[in-house]
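Chemist: coordinates for the following, if possible.
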Amino acid sequence: KVIETFTTTTSGLLSLSDWLSSFKVTDVVMESTGIYWKPVWNILEDTFHPVLANARHVKNVPGRKTDVKDAEWLAKLLRSGLIEGNFVPPEGIRDLRDLTRYRKKLIHTRTSERNRIHKILQDGNVKLTSVFSDIFGLSGSRILEAIINGEKIEIHDLRKMVDGRAKSSINEIAEAINGRIRRHHRDMLHYHWEHISYLDKAIEDLEEQIDQLLSPYRKEVELLDAIPGVNKAAAATFIAEMGVDMTVFKSAKHLASWAGLSPGNNESAGKKKTSKTTQGNKALKTIAVECALATSKQNNRIASHRKRITKRQGKMKARVASAHLILTIAYNILKTGEPYQELGPDYVHQKQQNKEIKMIEYLKKKGYTVAPSEKETA
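Modeler: Got it, this is the predicted structure:
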């Protein structure tokens, strides 16, 4: 064995690459430790075949834990073919993943700022939420800007600000905004409003960049967009997290397990104990559950599946089960390239009936006489 230590700077990693090449090394292995594996991967991926190992799967015996011994242990496992590398998407997909994840962070930040505006309005006795379902809509935004600018809002001003589709009357809106807004409230509203405007512009720019990176995957986006509950933003997240090449996953079950949408196994002495879902890709798991919830008011196979599971196991397990179903559909669509075919809400019932008919025909061929049950004759 030959052991050498290198720094993690670019020059140090280039020296590592030259050192490995001098020994005619073809495969290298490293542990997945946060984001610290990425600089090493970026330098070595063009010259060698790098393998990223899950730290939980390659733990050494306790009491023998040092960096050098870990390196020896990883090399021994790789040489024996005992390491199953983690999925690392190509560079274009990794860039798309960074953008989609950052977009989600900005949307969460914008929601937090809007909630802070709600809090300040309540503190200033302004009840806009009582007359508008969304105070950041067209009418609500105009009124908020007037409040922030310190304008005195009269009835005739409200008639110009409020859209004709508003359900509340002008007098009700005037009563709702009759509060006690102080200079401090206006200043705080101004800070939050400016931050929201900045976030809106940043999200818009991000979406343009995401759209450019998705240009090679237009076909895949259209295929995923046809799945109930999945829109173009969700399709972009699916592609960013799991890529478009489904050969990296052995089956749809492996993809679901990688995303954290499969139940864990906890069996000992022949007894199965309760086990939560496995840890996996949080971003993919979250968007799959959101897509499952988006089918609540629809009448299709996925909505019917979630309602059926809810009756037996409750809402939370039904959401995860339907998210698992959506991920399975996405896997098969990307693997075969065939568009989504809606099977209808009665798909499972019809499948069961067809199975019973086939069983009855099989028994009749064997010479048995099948009589209808009491329930069928009643």
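Chemist: give me the contacts around stretch 66-75.
Modeler: With Cβ atoms under 8 Å, 6 or more residues apart in numbering as the test, stretch 66-75 has contacts from K1, I3, V29, M30, E31, A53, V58, N60, I83. Glycine gets a C-beta too; all of them are placed from N, C-alpha and C.
Chemist: run the chain-centre distance for it.
Modeler: Its chain's C-alpha centre and that of stretch 66-75 lie 34 Å apart, by Cα atoms, centre = their mean, to the nearest Å.
Chemist: can you give me the helices in the stretch 51-200 of the chain?
Modeler: Listed in chain order, the helices of the stretch 51-200 of the chain (DSSP state H, counting those that start in this stretch) span 67-79, 91-123, 138-148, 155-161, 170-176, 183-213.
Chemist: need those in CSV (columns: mean pLDDT).
Modeler: Listed next are these as CSV, based on pLDDT from 0 to 100:
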stretch, mean pLDDT
helix 67-79, 91
helix 91-123, 96
helix 138-148, 93
helix 155-161, 90
helix 170-176, 91
helix 183-213, 96
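Chemist: ok, and which of those has the densest surroundings?
Modeler: helix 138-148 (a mean of 19; mean count of other Cβ atoms under 10 Å).
Chemist: out of the helices of the stretch 51-200 of the chain, which comes closest to E220?
Modeler: Among the helices of the stretch 51-200 of the chain, the nearest to E220 by Cβ to Cβ is helix 91-123 (11.2 Å).
Chemist: the residue lying closest to G260 once chain neighbours are set aside: neighbour count?
Modeler: Nearest residue to G260, sequence neighbours excluded (Cβ to Cβ, 6 or more residues apart in numbering): G280, at 2.6 Å. By the measure other Cβ atoms under 10 Å, the count of residues near G280 is 16.
Chemist: contacts only, for G280.
Modeler: Contacts for G280 were tallied using Cβ under 8 Å, 6+ apart; they are S257, W258, A259, G260, L261.
Chemist: figure out the helix or strand that it lives in.
Modeler: Remark: G280 resides in no helix or strand, with elements defined by DSSP states H and E.
Chemist: and it, how far from V244?
Modeler: 19 Å (Cβ to Cβ, to the nearest Å).
Chemist: ok so, going back, next, format the contacts of stretch 66-75 as a markdown table and append neighbour count, pLDDT and distance to T9.
Modeler: Output for these, formatted as a markdown table (neighbours: other Cβ atoms under 10 Å; pLDDT from 0 to 100; distance: Cβ to Cβ, whole Å):
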| residue | neighbour count | pLDDT | distance to T9 |
| --- | --- | --- | --- |
| K1 | 7 | 88 | 25 |
| I3 | 8 | 92 | 20 |
| V29 | 19 | 95 | 21 |
| M30 | 18 | 93 | 16 |
| E31 | 17 | 91 | 19 |
| A53 | 20 | 92 | 23 |
| V58 | 18 | 85 | 26 |
| N60 | 14 | 76 | 27 |
| I83 | 20 | 90 | 27 |
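Chemist: one step back: list only buried entries from the contacts of G280.
Modeler: Among the contacts of G280, those scoring as buried are S257, W258, A259, G260, L261 (criterion: 16 or more other Cβ atoms under 10 Å).
Chemist: who's in contact with the fourth one?
Modeler: What it means is G260. T277, T278, Q279, G280, N281, K282, L284, K285.
Chemist: one more: the third one?
Modeler: The neighbourhood of A259, defined by Cβ under 8 Å, 6+ apart, consists of E241, M242, G280, N281, L284, K285, A288, L327.
Chemist: let me see the backbone angles for the fifth one.
Modeler: The phi/psi pair for L284 (degrees, to the nearest 10) reads phi -70, psi -40.
Chemist: does it touch F238 like I think?
Modeler: Yes: counting by Cβ atoms under 8 Å, F238 is a contact partner of L284 at 7.2 Å.
Chemist: what about K24, distance to A294?
Modeler: To A294, K24 is 53 Å away according to Cβ to Cβ.
Chemist: great, nothing more from me.
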